[in-house]
Each structure stands twice: as C-alpha cells, then as structure tokens.
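J.: structure of the sequence below:
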Amino acid sequence: MTGLRRQFLVDVLSLSDLAVLAFALYVSVFTRNSFVSFAVLAHETLQVHTVAGLILLLLLWKVTFSMMGFYRSQRLAHAFSEIPTLLKGSAGATISLAIVSLVFRVSTVTFPALLRFLVVTPCVLVTLRLSMRQALKILRRRGRNLRQVIIVGTNARALEFAEKVLSRPELGYRLAGFVDNMWAGAINQYSSAHLVSDLAGFRPYLRNHVIDEVVIALPIKSFYDEEEDLLQTCREHGVIVRVLTNFFDSGTSGAQVHEVENAPLVTFSSIPLDTVRLALKRAVDIIGSGLLILAVGPLMLISLLLIKLDSRGPAIFAQERIGLNKRRFRMYKFRSMVPDAERLQVQLESSNEAQGPVFKIKDDPRITRIGKFLRKTSIDELPQLFNVLKGDMSLVGPRPLPVRDYAGFSQDWQRRRFSVRPGITCLWQVSGRSSISFDQWMRLDMEYIDRWSLWLDMTILARTIPAVLRGAGAI
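T.: Numbers count the residues shown, from 1 in each chain. Predicted structure coming up:
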C-alpha cells in the first residue's frame, strides 16, 4: 500500500473518530429522557461561544488521539490490543470536554453528562475500530490493501515467521522473498525458491523493487555489522523495518519497545506489562476487598470473639511473608494455632508430610479447636482482605510464602512466582490446595503468570467459592 493510500485511510479513520465523538457528545449532553428536537438542539448549540468551544474541542481530540498512537499501524496487533489505548483516549477526550466546557461556560455539559460521555465514548470507539478491522480483513482476503514484505534471513525463526504471516491472509502481507547468503541450513525448498538476493545485493534489490516492509531475522551476535547496514539502507529508502525480538531465545512472554531520550529500548518480560490491565486489576482489588470487608465484617467479629474464648493469645496472627519482587510484608490471618506455634514447628520438622520446602502436617497438634473449623472453611484467610486493600496482596495471585519456605527453594524458575503480587486465592487454591505436590503447585503458579488475564482472575474467584465449601485439600 502506498503512502498516499495509507494517509487517506488515516484521514478517514481520524474523521470517523471525530464523528463518533460528536455522536457520543450529542447522546450524552443533549439526550435526557428522549432525543430533543432539532430546534432545541440548534438553540443550545448555535451560539458563538459554544461553536468556538466545539471547534477547539475537535482539534484537541484530534491532537490527543494522534499523540496516543491511535493512527499507528495495527496490522500485526491483536484485535483487542487497541482497547487499552481507546480507553485512555476516551478518558482524555472526557477531560478535554470538561476543560473546554468550563472555559467557554457551556452550561449543557453537566457532571452527569460527562459521566455519560465517559461511558458512551469507549463503547462507540471500540465498535467502530472492530468494525473497521473486520472490513479491512475482508478487503485483504480479496487481494486489496496488501503490503510487500521481504524477510532477511532463512533460519528457522525466519521460516516460522513467514509461515505464520502467510497463513493469515487477513493481515494483508505478500511475501516478496528472502534475502540471505547461501549456507548449509538455507538449502530448503521453501526458502531457496524465494531467495531473491544475498546480503550484498540487498541495496540494489531495494532500489529496483516495490517493498513496503523488511523483517530482519538474522542472529544478532554473528550479523551485527550486516544488520546495522540493513537498517541504514532501509532508513535511506524510507522502508519500515521490523526486527524479530526473540534473538536471545529468552523464553519471555512478550516484548515492548520504548524510547528513552531518543534511544530505542526493547523490554523483555515474562509477566504482563500492560499498565492499563494492571491498573484495572488493582481497581478490582480495591473495590472487591472493600466490599468483601463490609460483607463479612460481622463474620470476622464473631471469629475474633470465638478465638479469644477458645485459647489465650492474640486473635490476629501476623507473619512475615515474601511478596512482590521478594519484598517482605506482614500478612494477617486469624490465629488458628497455639500462640507459640512457630517455636514448636522446629520440634515437628521430622513429621513434615509435604514435599519441597513447605511445612504441612495433616493432624498438626498445634491447631486449636476453633482453628480446625477456621482452616476448613478458609475463614482464617479473611484478614488478608486488609493486605489486599493496603496493596501488599491481590485477590488473585500466587500464595505468599513464609521466609522459611522461600529459603528452601532449590530451583530459580520457581522464584518467578514472586514477579507478580501474591494473592488470597490462585490456581493452586482451586485445584486441590494441600492435596497436590509442591512441584505441581509451582507449575500452577507459572501457568497463572503465563496465562494471566482479568477473565482468568474472575474465573478463579468464581471457582474459589465451591472449592472453599468443599474444603478440598484444606489442612
């Protein structure tokens, strides 16, 4: 696709966004119980200060969306990857609307209207973008809106990337061929049939052929100088360059590119780095823990009273645990053991029934009478809602371990569980709890980190209730 066609599409998308925002503004501000008449609408809007404010607002929206990257190429991105950007854009549009309405004294933009606008805007923007994505997919499957791509390299990664891209015609890529020097591994029917040039001939090839994008898949260690020359050549020709970022074979779940003082920075991480989703998770933690504290408050007061009546000592047990990035914090539980339980544990180490570094005994003599009930029903965990509210923990996440257990870890891969905030419940909690082995427990934690999403959190929370009612694996 030529630069002019892309610019045309960007302009169309930009105008569509503004039209959508204008519609959202109309629905939010000028709709009360039913649509107002055109005469009333004209009377409220066709005033000099209101028109001037609307023009400024449209300009602010356009600038805001451009700065937020609304119109960058999303051809290779997942359909829902734009949603965080759209949510941020909707918030920015709402703030702009509030500021303009105050400056130009637009009385029709009330606080309830702003709230309606904040709800309506992301809905219509997401609907528009998904609809346009679907329309572009149909066009690309029919051979329109295509981009000519060339892949530099014929190694396994290059061939795998080519297969993945070409197996999805909706992405709209047409493979022009491969560029690489002949080597033993390049004797491949697929790559050799499409080998259009060696590395030395890349520059003249680019001069005489239509190429929209270049994907570099060469090993960085042995081809550093060649890659630097390739980047320079593509820069001179104004061609988009994409580099496969798994050149370290790091096993990370994703990578992000940032710019720090004009220096590109590739960030690898085995955990999600999406700040919007993480912020939503934290919002769910705050709201959820707050509501739960209010809901189970009477139950916690009764538990406090029963613990005090059952045995001497404090009703709340606070223990140092290992949290996010191995930071230590005090985790709260209802005391279910005798007051000197930690001292007595040293004498019971030989009776430990759990595999790995954790300590578990099915008929632990340190557990009090009321403590057995509290553990069986998981009521002893309820004070951790205050840890969630403080930010030490999350509602869902790997269970926080005592310092003693952490010291017994023998493999570093198990320590990746500390790269996310610990939680009250987790996959381990709903998969048998103490009835599964330590290795299974750790692998379930890794599975949670690798698969994490807000939907997974909601699923685990929903599964926690029947797991607790069954008392499965609780000791």
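J.: switch to C-alpha atoms for all contacts and neighbour counts from now on
T.: Noted.
J.: how's the chain carved up into domains?
T.: Following automatic domain parsing, one finds the domains of the chain at 3-141, 147-249, 275-470.
J.: can you pull out the strands in the stretch 51-200 of the chain?
T.: Counting by DSSP state E, counting those that start in this stretch, one finds strands in the stretch 51-200 of the chain at the ranges 147-152, 173-179, 195-197.
J.: out of those, which comes closest to Asp380?
T.: For the strands of the stretch 51-200 of the chain, the distance to Asp380 is smallest for strand 173-179, at 56.7 Å, taking CA to CA.
J.: CA atoms only: put that closest one into PDB for me.
T.: The C-alpha trace of strand 173-179 is given here as PDB (Å, rounded to 0.1, in the frame of the first residue of the first chain):
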ATOM      1  CA  TYR A 173       1.100  -9.300   3.500                       C
ATOM      2  CA  ARG A 174       2.600 -10.600   0.300                       C
ATOM      3  CA  LEU A 175       6.000 -12.200   0.600                       C
ATOM      4  CA  ALA A 176       8.400 -10.800  -2.000                       C
ATOM      5  CA  GLY A 177      11.100 -13.200  -0.900                       C
ATOM      6  CA  PHE A 178      14.000 -13.900   1.300                       C
ATOM      7  CA  VAL A 179      17.400 -12.200   1.500                       C
END
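J.: look up how far Gly288 lies from Leu280.
T.: Distance check for Leu280 against Gly288: by CA to CA, to the nearest Å, it reads 12 Å.
J.: so how far is stretch 327-346 off the chain centroid?
T.: 34 Å (CA atoms, centre = their mean, to the nearest Å).
J.: SS state for Leu395?
T.: At Leu395 the chain is in strand, as set by DSSP: H, G, I helix; E, B strand; the rest coil.
J.: surely Leu87 meets Val120?
T.: No. Leu87 is beyond contact range of Val120, at 11.1 Å (criterion: CA atoms under 8 Å).
J.: lowest-pLDDT helix or strand in the protein?
T.: helix 38-45 (a mean of 49; mean pLDDT, DSSP states H and E).
J.: so what's the residue count around the nearest residue to Thr425 once chain neighbours are set aside?
T.: Once flanking residues are discounted, Thr425 sits nearest to Val396: 5.0 Å by CA to CA, 6 or more residues apart in numbering. Counted with other CA atoms under 10 Å, the neighbours of Val396 add up to 24.
J.: okay, helices next: where are they in the stretch 1-150 of the chain?
T.: Along the stretch 1-150 of the chain, the segments classed as helices by DSSP state H, counting those that start in this stretch run 3-29, 38-45, 48-67, 83-103, 111-141.
J.: out of these, nearest to Lys360?
T.: Short answer: helix 83-103, nearest of these by CA to CA, at 42.8 Å.
J.: buried residues of that closest one, list them for me.
T.: For helix 83-103, the neighbour count (16 or more other CA atoms under 10 Å) marks 83, 85-87, 89-94, 96-98, 100-101 as buried.
J.: do stretch 222-234 as well
T.: Neighbour-count burial for stretch 222-234 flags 227, 230-231, 233-234 (criterion: 16+ other CA under 10 Å).
J.: pLDDT added to those residues, as a markdown table?
T.: Listed next are these as a markdown table, based on pLDDT from 0 to 100:
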| residue | pLDDT |
| --- | --- |
| Glu227 | 86 |
| Leu230 | 88 |
| Leu231 | 87 |
| Thr233 | 88 |
| Cys234 | 87 |
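J.: can you tell me which of the residues you listed are in helices?
T.: The helices, defined by DSSP state H, take in 227, 230-231, 233-234 from the buried residues of stretch 222-234.
J.: dump these to a markdown table, plus distance to Val241.
T.: Output for those, formatted as a markdown table (distance: CA to CA, whole Å):
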| residue | distance to Val241 |
| --- | --- |
| Glu227 | 11 |
| Leu230 | 9 |
| Leu231 | 7 |
| Thr233 | 10 |
| Cys234 | 7 |
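J.: of the residues you listed, which is the nearest to Leu427?
T.: Here the nearest of those to Leu427, counting by CA to CA, is Glu227; it sits at 43.7 Å.
J.: quick one, what contacts Pro383?
T.: 300, 332-334 (CA atoms under 8 Å, 6 or more residues apart in numbering).
J.: if we use 7 Å, what do you get?
T.: Neighbouring residues of Pro383 by CA atoms under 7 Å, 6 or more residues apart in numbering: 332-334.
J.: quick check: what element follows the one helix or strand Ile424 maps to along the chain?
T.: According to DSSP states H and E, Ile424 maps onto strand 423-425. Next helix or strand after strand 423-425 toward the C-terminus (DSSP H and E): helix 438-451.
J.: give me the contacts around stretch 278-290.
T.: Contact with stretch 278-290 is made by 385, 388-389, 394-395, 454, as judged by CA under 7 Å, 6+ apart.
J.: show me the contact partners of the one helix or strand Leu206 maps to.
T.: According to DSSP H and E, Leu206 maps onto helix 202-208. Helix 202-208 is contacted from outside by 179, 233, using CA under 7 Å, 6+ apart.
J.: would you mark the buried spots in it?
T.: Those buried within helix 202-208 under the rule 16+ other CA under 10 Å are 202-203, 205-206.
J.: turn those residues into a markdown table, columns for distance to Ile220 and pLDDT.
T.: Below are the buried residues of helix 202-208 laid out as a markdown table (distance: CA to CA, whole Å; pLDDT from 0 to 100):
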| residue | distance to Ile220 | pLDDT |
| --- | --- | --- |
| Phe202 | 18 | 89 |
| Arg203 | 20 | 89 |
| Tyr205 | 22 | 90 |
| Leu206 | 22 | 87 |
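J.: which one of these sits closest to Pro339?
T.: Nearest to Pro339 among those, with distances taken as CA to CA, is Phe202, at 75.0 Å.
J.: and the closest one, how far from Arg144?
T.: Phe202 is 27 Å from Arg144, by CA to CA.
J.: Leu18 now?
T.: For Leu18, the distance to Arg144 - CA to CA - is 26 Å.
J.: these two: which is more packed in?
T.: Remark: of Leu18 and Arg144, Leu18 carries more neighbours, 19 against 13, as counted by other CA under 10 Å.
J.: that's a strand at Pro314, yeah?
T.: No. In this structure, Pro314 is coil, not part of a strand, as judged by three-state DSSP.
J.: next one, pLDDT for it please.
T.: pLDDT, Pro314: 89.
J.: same deal with Leu461?
T.: The model's pLDDT for Leu461 equals 91.
J.: that one: what secondary structure?
T.: helix.
J.: state the number of residues packed around it.
T.: So Leu461, with other CA under 10 Å, has 18 neighbours.
J.: how close does it sit to Leu395?
T.: Counting by CA to CA, the gap from Leu461 to Leu395 is 8 Å.
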